[in-house]
Every structure is written in structure tokens, then in C-alpha cells.
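Trainee: Prediction below, plus the sequence it came from.
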Amino acid sequence: MLPLTAGEGRAFNAAVMWDEQDVVLVDTGLPMMQTVIKTALEELGIPFARLNRVIITHHDTDHLGSLPELLNTATKLTVMAHAAEKPFIEGIEHLLVKIEKPIQSLPPAEKEERRQAYLKRKTVTVDKPLVDGEELPYCGGIVVIHTPGHTPGHICLYHKSSKTVIAGDATVAEAGRLQGPSPIFTVDMAEAKQSLKKLLDYEIEQIICYHGGLVNENVREQLQAVTA
């Protein structure tokens, strides 16, 4: 887990996996958090210059945000995301329904400001589109699990050697307890809950939730509870 703290007390839990060949970062926080990421990596003993792969779980700004800055400074960085999320990350398509629920209570002018901010956000090119069930040969093996619902191309990742699921926004957590998908930020709740059931196919010792952090007690039972 790679905790990232932004202003106003906002905290995110990205993930990093590394070995002698690769350093793989999963999600990149908000825009302008490159220095935060660099510091967090170096606190783990990982030189920033070794970062060579980034996997994006989905295109929300708090996951994709600092990737453009990382690409400006990293000498060799391969960007990966699910094929269904690629057009949103690259700005070819827009998922305005994704932001309508969170902004519905705002005044009209602020609503429009948020919509325009979404439409004008920085985009990046996905170098390697991913598919469900694909195993990436990095850091002991990383399995791609397509978990649509939060967004059409949302993915979780299963790190085989540590038996860890990197959940993105497929589920949030609070005080070490899974809470399931967040209704206000999820495009299709029924699909999101159904997608979570796919995680039960894996032997999991811990789950890293981007919002809420680490869950490592009675993981299977907790998954069963939030997918019931």
C-alpha cells in the first residue's frame, strides 16, 4: 500500500509492487501530487527513477490525476488500463453520468463548473490495454480482474505472491471493514456488487481499498457480506 495525502486532509491508498526489474504503481492520486508520490516511493527505498509501469484502475480524477505530470518526468513509463476504460482515459469518450450524482445538490453554476472541469481534464495515452483474466508478468504475477459498475472499465488487481487484491473503488473500507461500493460515486450499483463476487474466486489475505486502506481480517467473510 502507498498512502498519499493531499490538501484538506484528503487521503488515498495507491499501491506499489516492485522487484529487481520493475516498479509498478497502481493509481496516481489527484493532479499535482507527483512530489507526494516521489516521496512515498523513496520512503520505501524505491528510487523514483525506477518507476517504469503505471496501472490505472479507472479514469476518476483522484486515480488518474498525477499521471500526466509523471509522464512528463519519467524516462520510461508504460501506462496500462482496461480496454473498456481506455477511451475515457484518453478523452475520446466522456462519462458525464459519473459526476451527476455527486453534484446533484450543488447550485447550477457550480454544477456546470464541475462538468466543465471533467470535460477539460488532462488525458493520457494508454500504452497497453488490459483484458479480464490477463496475468501480467511483473513482480510475481498480477492478475487483471474486470470489475465494471463503478465505471465500465474498472479493474481490480490480484497480486499473486502476496495474495493481495488492489480494489480501486470497487469497494471502500472504514476502520478495517469492507463497506461495498459507494452508491453516490458508482454508475451501476447492481453491476458493481455483482463484479465484487469475482473476488471470491481468489485466495485473498488482504485487500487494499483506495478509500479506506487495508482490510486483512476475515476477508472472505467480509466480501460475502458486502455482495449478499
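Mentor: On my side now, so go ahead.

Trainee: by contact count, what packs against the longest helix anywhere in the chain?
Mentor: Taking residue count as the measure and DSSP state H as the definition, the longest helix of the chain comes out as helix 108-119. For helix 108-119, the packing partners by 3 or more CB pairs under 8 Å, 6 or more residues apart in numbering; DSSP states H and E come out as helix 97-103. C-beta coordinates here come from the backbone N, C-alpha and C atoms, glycine included.

Trainee: Tell me which helix or strand in this protein has the weakest average pLDDT.
Mentor: Lowest by mean pLDDT, DSSP states H and E among the helices and strands of the chain is helix 97-103, with a mean of 73.

Trainee: List the buried residues for it?
Mentor: When burial is assessed from 16 or more other CB atoms under 10 Å, helix 97-103 yields the following buried residues: 98-99.

Trainee: roughly how far is that helix from the heart of the chain?
Mentor: Average the C-alpha atoms of helix 97-103, do the same for its chain, and the two points are 18 Å apart (CA atoms, centre = their mean, to the nearest Å).

Trainee: Then stretch 146-155?
Mentor: Between the centre of stretch 146-155 and the centre of its host chain there is 10 Å, according to CA atoms, centre = their mean.

Trainee: Ok, stretch 74-89 next?
Mentor: Relative to the centre of its chain, stretch 74-89 is centred 12 Å away, using CA atoms, centre = their mean.

Trainee: One more: stretch 98-106?
Mentor: Offset of stretch 98-106 from its chain centre (CA atoms, centre = their mean): 21 Å.

Trainee: which element follows the longest strand along the chain toward the C-terminus?
Mentor: Among the elements of type strand in the chain, defined by DSSP state E, the one spanning the most residues is strand 11-18. Past strand 11-18, heading to the C-terminal end, the next element that is a helix or strand (DSSP states H and E) is strand 23-26.

Trainee: Quick one: mean pLDDT over the next helix or strand after that following strand.
Mentor: As assigned by DSSP H and E, the chain's next helix or strand after strand 23-26 is helix 34-43. Per-region confidence: helix 34-43 scores 96 on mean pLDDT.

Trainee: Same question for stretch 175-194.
Mentor: Looking at stretch 175-194 alone, the average pLDDT works out to 94.

Trainee: residues contacting T57?
Mentor: For T57, the contacting residues are 26-27, 63, 81, 154-157, 166, 168-169, 210, by CB atoms under 8 Å, 6 or more residues apart in numbering.

Trainee: Could you give the backbone dihedrals for it?
Mentor: Backbone torsions for T57, taken as degrees, to the nearest 10, come to phi -70, psi -30.

Trainee: cool, K198 as well?
Mentor: Phi and psi for K198, reported as degrees, to the nearest 10, are phi -60, psi -30.

Trainee: what's the answer for A81, then?
Mentor: The phi/psi pair for A81 (degrees, to the nearest 10) reads phi -160, psi 170.
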